[in-house]
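Colleague: just to be clear, the model below is a prediction. Sequence and coordinates:
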Amino acid sequence: MQSDAPQDRGTREASAPRPSRRRVLAASGLLLAAGGAGTAMLVQDQRRRTAEAGGRAEISLRSRTVAYDPSGERTLVGGEGADLTLLTGTRRAADLAADSPIHARAEAFDEAVAPWRERVASRLDAPLADLAGTALQDLWVLSDGLPAPVAGWSRTWRYVWPRDAAFCAAALARVGLPERALEVLSHLQDLQREDGWFEARYLPGTREVPDGRPRQFDGTGFALWAVREVADAPGVDRDEVRRRLARLIDTSLTTLKERTRDGERRPPVSPDYWERRERSVTLGTMAATLAGLRAGHALTGTEEDLTASEVFTATLERNFADHDFQRYPRRGGADSAAAMLDATGVRRVIPEHVLLSLRERLARPAGGIAPGESWKQDGVSWTPSMSLLALGLARAGHTAEATDALGWLAAHRTADGSLPEKVLFDGRPAEVAPLAWTAANVLLAVDWLARVAR
């Protein structure tokens, strides 16, 4: 969910400062279409606002997927993109030259994840195994040849969000690619400021930002959490992880403790995954902070870090428990961020009734959920929130509910099998596809279900 309020990243950015065309080309290596796009977006936005008044937003599907075209360039497929025939089960054009190095990279990826896919197929039903296969392809095409995955491939999504990249790193490690996961986290280590903060997003392969969005504190906690996830993945040398990511670990943990006064106070107010300016700390920022503090203790093992995580747990409960963990301490309604704690392995903080009620309280007509209860009534389901809920339910032990949420996601992929960002009131996929954060959440949830399956 990478929007100012995930409602529509593309629309908001029409008014935000943008990098020059040359800058974007240099960073992404992709020629962007131009003529008439601005007018089309304005017309689409006007139609959308009219439709939203009745809870039936009409939002176009920008692409059915992303794939390498015959020239070897990544491109949108379907929707606003090219009309390509793909090799079955891949994100590569059928007429991509046989000697293209892209085939070798894709095949190496497939070979590396094959043992994980076989384990999933042997323990879970075929629909979940199939969903995992397409999520893997989505994650591959949005990360191949890049230091870290981009959120999506449409122009206003083609950036590295630290939050998304952290979840992607965790997923890569779990599916059998720990070295690739370490590369992603090493890139975040290079991006992190000396004060421990991250910017909201970055131009891929650079430390540059595309606009003036305020920086976001949740990236610090999620990055540290991802280090622990990678360190805990099968076959990973924990000492090597701690050595290569020592600066990220030390800087993040120091920042989390300093900015919460060793857990005694709330973290700084900043935008979270809704990506809008806030006046009060949100549950999402609190969840990311606690996930980071607990991960920090798991990595260092010190009594001091254990105490900080325990004190901050009490701080979170003191501020949010009395009002059933709403978006803000005393208001805001249910927030899908309530699933973040269980999703990051922080158990028994969010009460089970709060977690289990999210599917109903945030329900949208097509069966998915909105980011929050106070979200506009436009009928749109958001797959980042739905996949995050699936992950939280899985790690909390609610396997039936998690499987059902994943089944809904599987049923609402595009015609090419990619996971979209949004699903409309009538079940149609919309906006961008694929979306890296959704794919990562799905893979982590499937992995957990396969690990606990008997």
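Modeller: Yep, that arrived. Every value quoted in this text rests on a predicted model; they were computed, and no experiment measured them.

Colleague: only C-alpha atoms from now on, for both contacts and neighbour counts.
Modeller: Fine.

Colleague: name the SS class of the closest residue to R277 other than its chain neighbours, please.
Modeller: Spatially, and ignoring its direct neighbours in sequence, R277 is nearest to P271 (5.3 Å; CA to CA, 6 or more residues apart in numbering). Per DSSP: H, G, I helix; E, B strand; the rest coil, the local secondary structure of P271 is coil.

Colleague: mind listing what P271 touches?
Modeller: Shown in contact with P271 (CA atoms under 8 Å, 6 or more residues apart in numbering): P214, R215, Q216, F217, R277, E278.

Colleague: for G372, same thing?
Modeller: When contacts are counted by CA under 8 Å, 6+ apart, G372 touches R327, G333, A334, D335, S336, L362.

Colleague: thinking again about what came up before, so what's the backbone phi/psi at the residue nearest to R277?
Modeller: Main-chain dihedrals, P271, degrees, to the nearest 10: phi -60, psi 150.

Colleague: what about it, distance to V281?
Modeller: Applying CA to CA, to the nearest Å, the value for P271 to V281 is 9 Å.

Colleague: what are the boundaries of the helices in the stretch 51-200 of the chain?
Modeller: Applying DSSP state H, counting those that start in this stretch to the stretch 51-200 of the chain gives helices spanning 101-123, 126-141, 162-174, 178-191.

Colleague: I'd like these as a markdown table, with distance to A433 appended.
Modeller: Formatted as a markdown table, the entries for these read as follows, by distance: least, CA to CA, whole Å:
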| stretch | distance to A433 |
| --- | --- |
| helix 101-123 | 19 |
| helix 126-141 | 9 |
| helix 162-174 | 15 |
| helix 178-191 | 21 |
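
Colleague: ok, and which of those has the densest surroundings?
Modeller: Across the helices of the stretch 51-200 of the chain, averaging neighbours per residue (mean count of other CA atoms under 10 Å) puts helix 162-174 on top, at a mean of 28.

Colleague: tell me what that helix is packed against?
Modeller: Counting by 3 or more CA pairs under 8 Å, 6 or more residues apart in numbering; DSSP states H and E, the packing neighbours recorded for helix 162-174 are helix 178-191, helix 218-231, helix 436-452.

Colleague: show me how far the first one is from its chain's centre.
Modeller: When you say that, I think you mean helix 178-191. Relative to the mean C-alpha coordinate of its chain, helix 178-191 is positioned 16 Å out (CA atoms, centre = their mean, to the nearest Å).

Colleague: relative orientation of that helix and helix 162-174 in degrees?
Modeller: Here helix 178-191 points in a direction 160 degrees away from that of helix 162-174 (axes from the mean of the first three to the mean of the last three CA atoms, to 10 degrees).

Colleague: now stretch 252-272: buried residues?
Modeller: Using 16 or more other CA atoms under 10 Å as the test for burial, stretch 252-272 gives 252-257, 259-260, 262-272.

Colleague: below-threshold pLDDT in the stretch 1-150 of the chain: ranges please.
Modeller: The stretch 1-150 of the chain contains residues with pLDDT under 70 at 1-54.
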